[in-house]
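> starting from these lines, generate the structure:
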Amino acid sequence: MGILDKMKSMAGKDKDKSRKVSDAAERQVNQRTGGKYEKQVDAAQQQAEGKLGFGRERGGGPEHQ
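Numbers count the residues shown, from 1 in each chain. Prediction:
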């Protein structure tokens, strides 16, 4: 089961857990790419979360700057 399949199956059940999985996937991709595509990865994460129904507002918090 891939990460997107896991997120999709959890999206209807536990949105907080789905967000944690999404954040973990984002961190892992950024780590493996050395942060080179951080903005693109963040945009993709936002789109995926929105389509799966657990999107969130991105504020100016330190974790997303």
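> pick out the residue closest to the middle of this protein.
Centroid-nearest residue in the chain, with CA atoms, centre = their mean: Ser22, separated by 3.2 Å.
> please, which helix or strand holds it?
helix 15-32 (DSSP states H and E).
> what about that helix, average pLDDT?
Averaged over helix 15-32, pLDDT sits at 89.
> same thing with stretch 43-57?
83.
> now it: buried residues?
By neighbour count on 16 or more other CB atoms under 10 Å, the buried set for stretch 43-57 is Gln45, Gln46, Ala48, Glu49, Leu52, Phe54, Gly55. Any C-beta I mention is one placed from the backbone N, CA and C, and that applies to glycine too.
> same for the helix holding Ser22, what does it pack against?
Under the contact criterion of 3 or more CB pairs under 8 Å, 6 or more residues apart in numbering; DSSP states H and E, helix 15-32 touches helix 3-11, helix 38-52.
> output these in CSV; the columns should cover distance to Gln31.
Formatted as CSV, these follow (distance: least, CB to CB, whole Å):
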stretch, distance to Gln31
helix 3-11, 14
helix 38-52, 10
